[in-house]
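> Build the 3D model from these lines:
(2 chains)
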There are 2 protein chains.
Amino acid sequence: MRRRATARKALPLAKVYGLLEPGPVVLLSTLGAGRPNAMAMSWHTMLEFEPPLVGCVVSDRNHSFAALKSTRECVLCIPTARLAKQVVGCGNTSGARTDKFAKFGLTPQPARLVRAPLIAECYANLECRVADTRMVRKYCLFVLEVVQAWIDPRVKRPRTLHHLGWGEFMIAGRHLRVPSRMR
Amino acid sequence: MRRRATARKALPLAKVYGLLEPGPVVLLSTLGAGRPNAMAMSWHTMLEFEPPLVGCVVSDRNHSFAALKSTRECVLCIPTARLAKQVVGCGNTSGARTDKFAKFGLTPQPARLVRAPLIAECYANLECRVADTRMVRKYCLFVLEVVQAWIDPRVKRPRTLHHLGWGEFMIAGRHLRVPSRMR
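Sure thing, here's the model as predicted:
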């Protein structure tokens, strides 16, 4: 774990969109009633570049819902393909009955600005505060503000997971660059 | 074009989320003042499985904003990597000054339930109606309901584009399946 912690580097907040815009599965980490929990989540979108705002759907059937709503803090942790089994494990169990960090061998680490933990095994960790809950009642849509971003600078081409349904994932493939002025 | 039109097949609405959840760049087609237009968009998320609801950000600086707001209809057209230049072209020009369909060789085709056109060259086309505009003022976030979905059944593993910023894209790579009960 020390090696991972040493490799972690702050990412300027203006660059956060580039991590989420491609649509990876994330693990949403929370700390409710003193216990860390993690859920798999694919329903998220950027809402603003800077400060980075993220809209994400956390169903009120998820154990994480209450923790997110009451603590108003979380971390969006981005795994790569080598964590596929852990991601599916987190998606198929409930934090109400399972200590997912223990069960799936995920390592919680202290964040800088929020109490929810980073996940050491994830190549990127985005500390977030809930910025707007007005769409929660109708769509379970939380607006998060990313307040601190961390990345493992050794990971140049993260093999992120993109969920197609029922445990089938597309893994991030090769890159293509076209001259563009689109941020 | 006839070959494409023939190959188009209705996709059950319950399966729509599997197209958008992985996070592809889409072209948002609108018909404002009788003229079709298309913009590149990556900021979208599923909000509900069925009927499929999609949240998407269309900035009020985009020419498409007025058309979407006034007609309350659009099509989410999903391109593959062979359309990368056209996607970037659409993203770097404004429909206010450019007929993008003509300029980038995109073929508009009649939709079934909305007036905005399908794009023949896209492997999937999702006809949408605007379902909620309450988040437009603050976040430029439109809630769309997909009312008809079309797919080219010949495309089994679409090489979708996932935008990383400034014209750099990740192209959908190989698939991985992990036993899961996660829809």
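> Return the residues in contact with residue A:32.
A:63-64, A:66-67, A:70-71, A:95 (CB atoms under 8 Å, 6 or more residues apart in numbering or on different chains). Quick note: C-beta positions are derived from backbone N, CA and C, even for glycine.
> Got phi/psi on residue A:49?
Per-residue torsions, residue A:49: phi -70, psi -50 (degrees, to the nearest 10).
> what's the burial count for it?
16 (other CB atoms under 10 Å in any protein chain shown).
> One more: residue A:145?
Residues near residue A:145, counting by other CB under 10 Å, number 17.
> Quick one: list the elements packing against the helix or strand encompassing it.
Assigned by DSSP states H and E, residue A:145 belongs to strand A:141-151. When contacts are defined as 3 or more CB pairs under 8 Å, 6 or more residues apart in numbering or on different chains; DSSP states H and E, strand A:141-151 packs onto strand A:9-10, strand A:53-57, strand A:73-78, strand A:124-132.
> hmm, 6 Å instead?
strand A:53-57, strand A:124-132 (3 or more CB pairs under 6 Å, 6 or more residues apart in numbering or on different chains; DSSP states H and E).
> Next, check the contacts of residue A:32 against the helices and list the overlap.
Members of the contacts of residue A:32 lying in helices (criterion: DSSP state H): A:64, A:66-67, A:70-71.
> among those, who's most crowded?
Most surrounded of those: other CB under 10 Å gives residue A:67, at 25 neighbours.
> For that residue, report the pLDDT, please.
We have a pLDDT of 97 for residue A:67.
> Spatially nearest residue to it (excluding sequence neighbours)?
Sequence neighbours aside, residue A:32 is the residue nearest to residue A:67 in space, at 2.7 Å (criterion: CB to CB, 6 or more residues apart in numbering or on different chains).
> For the one you found, list each beta-bridge partner.
Beta-bridge partners for residue A:32, by DSSP bridges, are residue A:35.
> got it, and residue A:27?
Beta-bridge pairing of residue A:27 under DSSP bridges involves residue A:40, residue A:77.
> One more: residue A:146?
Beta-bridge pairing of residue A:146 under DSSP bridges involves residue A:128.
> That one contacts residue A:131, doesn't it?
No - at 9.7 Å, residue A:146 does not count as touching residue A:131 under the criterion of CB atoms under 6 Å.
> Quick check: phi and psi at residue A:83.
Here is the backbone geometry of residue A:83 (degrees, to the nearest 10): phi -100, psi 20.
> And the one 4 residues further on, by the same measure?
With angles defined as degrees, to the nearest 10, residue A:87 shows backbone torsions of phi -60, psi -50.
> on that earlier part again, go through the ones in helices among the contacts of residue A:32 and say which is closest to residue B:28.
Taking CB to CB as the measure, residue B:28 lies nearest residue A:64 of those, at 31.0 Å.
> if we can go back for a sec, could you dump the helices and strands packed on strand A:141-151 to a markdown table with mean neighbour count, distance to residue A:161 and mean pLDDT?
Shown next, in a markdown table, are the helices and strands packed on strand A:141-151 (neighbours: other CB atoms under 10 Å in any protein chain shown; distance: least, CB to CB, whole Å; pLDDT from 0 to 100):
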| stretch | mean neighbour count | distance to residue A:161 | mean pLDDT |
| --- | --- | --- | --- |
| strand A:53-57 | 23 | 16 | 98 |
| strand A:124-132 | 22 | 13 | 98 |
